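> no letters, just coordinates:
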Ligand code: C5P
C-alpha cells in the first residue's frame, strides 16, 4: 500500500510563459494528511497494466496518471512486467490538491520496489517530470520550493507542524483554463518565495499566514466568481493567520492559529460551501507501507 498525500501551494508566483507553452514557476508546496491509497499487485514479464478506482468518474485507462507513470517507468528501464493497481480516492479532484500527481508518484515509488528496479530518487524524479509538472514534488513531500515548471524540487526546512482547514467548493477549476486566463491579466513585478520560506523555517504561523500568495487566484476568481465568497467567508471567521488558494483552485485553505484547529474545522464545515477538511502538514511525501497520517 502506498499513501499518496495531497498538497497545498503556500506560495505560487508565475514568472512568465516558456517557449514550450508551460509557465515558469516559483512555488512553495506543502504535503498534507489528506491521502489517497494505492495498492499494487506486481505481475510477471509480459503481463498487462490495469487500474481499478474507487471513484467511478475518473478514467482507468491510459489517461489516468497512475498508468502513465507505470508506462514512463517501463520506458525508462526496459522492464516489461505487469501490475494491477487499486486506487482508493479521498483527495477531491479539480481542487488544486495534486491528487492525480501524487497517485502517479505513488505508482513510481511502489513499482520501483515491486519490480525491483533500484532507481534512485533523482532517477525517479526525472521520470516523474515526464508524467506531470507536480509529480516530482510528491517523491520528496514535506515542504519544498519548486521551480522550473514545478518539477525542480528543493526540500525546505519546516520545523513546526501547521494545521489547516481546507474547503473544496462544489465547482472545479481546470488548470489549463486558469493559466490561459492569466495571459489576459496584468500585474506588477514578481514576488519571491524567500520570505514565506523564512517564516516557515522559523515555525511562524503568523508570518507564514501573512505571506500566503497565489498568482493564479485572480484568474480562478475570474473563471468562478463564487470562489470569492469562499475566500471571504473563510477570512471573516477570524480564526486563521491567513487564507490562500491552492494550485489553480478551486480549493481554499486557512492556516490555523494555535489550538483553534477543531473549532476552525467545525466553523468551516458549517459554512456550507462544499467539503471541509481539517488537515495537518506532513514531513514527507508518498510513503510505501501501512496507512499513516490524515
Ligand atoms: O504538467 P501538467 O500536465 O500537470 O500541466 C497541466 C496543464 O497546466 C498544462 O497543460 C498547462 O496548461 C498548465 N501548466 C502550465 N505551466 C506549468 C504547469 C502547468 O502552463 N508550470
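Arrived safely, thanks for sending. Everything numeric in this text was worked out from a predicted model, so none of it was measured.
> the longest helix seen in the chain packs against which elements?
For the chain, the helix with the greatest residue count under DSSP state H is helix 99-114. In terms of contacts (3 or more Cβ pairs under 8 Å, 6 or more residues apart in numbering; DSSP states H and E), helix 99-114 is packed against strand 2-17, strand 23-45, helix 65-77, strand 81-88, helix 121-131, helix 137-140, strand 287-288. Where C-beta positions appear, they are placed from N, C-alpha and C, glycine not excepted.
> give the buried residues for that helix.
Buried residues in helix 99-114, counting neighbours by 16 or more other Cβ atoms under 10 Å, are found at 99-112, 114.
> pick the one among those closest to the ligand.
Sorting these by distance to the ligand puts residue 101 at the head of the list, at 6.5 Å, by Cβ to the nearest ligand atom.
> ok, that closest one touching residue 129?
No - with contacts counted by Cβ atoms under 8 Å, residue 101 stays clear of residue 129, the gap being 11.1 Å.
> what do the two both touch?
Overlap between the neighbourhoods of residue 101 and residue 129 consists of residue 135, taking contacts as Cβ atoms under 8 Å, 6 or more residues apart in numbering.
> residue 230 belongs to a helix, doesn't it?
Yes - Residue 230 forms part of a helix when assessed by DSSP: H, G, I helix; E, B strand; the rest coil.
> so what's the residue count around it?
25 (other Cβ atoms under 10 Å).
> the one 4 residues further on too?
Residue 234 is surrounded by 25 other residues when neighbours are defined as other Cβ under 10 Å.
> wait, is it part of a strand?
No - secondary structure assignment places residue 234 outside any strand; it is helix (three-state DSSP).
> please shift the residue numbers so they start at 17 in all later answers.
Noted, 17 is the first residue going forward, which turns the last one into residue 250.
> does it really touch residue 270, like I thought?
Yes - the pair residue 250 and residue 270 passes the contact test of Cβ under 8 Å, sitting 5.0 Å apart.
> which neighbours do these two have in common?
Residues touching both residue 250 and residue 270 (Cβ under 8 Å, 6+ apart) are 181, 256, 259, 284.
> which of the residues you listed sits closest to residue 217?
Checking those against residue 217 by Cβ to Cβ gives residue 256 as the nearest, at 20.5 Å.
> who's in contact with the closest one?
Residues in contact with residue 256, defined by Cβ under 8 Å, 6+ apart, are 181, 225, 250, 270-273, 280.
> one more time with 10 Å, if that's ok
With contacts taken as Cβ atoms under 10 Å, 6 or more residues apart in numbering, residue 256 has the following neighbours: 180-181, 221, 225, 228, 250, 269-273, 276, 280, 283-284.
> kindly report the same for residue 96.
Remark: with contacts taken as Cβ under 10 Å, 6+ apart, residue 96 is in contact with 60-63, 90, 131.
> same thing with residue 95?
Neighbours of residue 95 in contact, by Cβ under 10 Å, 6+ apart: 61, 86, 89, 127-128, 131-133.
> can you check residue 41 too?
By Cβ under 10 Å, 6+ apart, the contact list for residue 41 reads 25, 28-32, 149, 161-168, 209, 231-232.
> which members of those residues additionally contact the ligand?
Contacts with the ligand are made by 149, 165-166 out of these, judged by Cβ under 6 Å from any ligand atom.
> of the residues you listed - the most surrounded one?
For the ones next to the ligand among the contacts of residue 41, the largest neighbour count, defined by other Cβ under 10 Å, is 26 neighbours, found at residue 166.
> was I right to think it contacts residue 31?
No - with contact defined as Cβ atoms under 10 Å, residue 166 and residue 31 do not form a contacting pair (11.8 Å).
> overlap in contacts of those two?
With Cβ under 10 Å, 6+ apart applied, the overlap between the contact sets of residue 166 and residue 31 consists of 39-42.
> got the residues of the stretch 167-310 of the chain near the ligand?
So the stretch 167-310 of the chain meets the ligand at 191-192, 195 (Cβ under 6 Å from any ligand atom).
> adding secondary structure, write those residues out as a markdown table.
What follows is these, written out as a markdown table (three-state DSSP):
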| residue | secondary structure |
| --- | --- |
| 191 | helix |
| 192 | helix |
| 195 | helix |
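> tell me the buried residues within those residues.
Listed as buried from those are 191, 195; burial here means 16+ other Cβ under 10 Å.
> tabulate the residues of the stretch 167-310 of the chain next to the ligand (CSV), appending pLDDT.
As requested, these are arranged in CSV below (pLDDT from 0 to 100):
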residue, pLDDT
191, 92
192, 92
195, 93
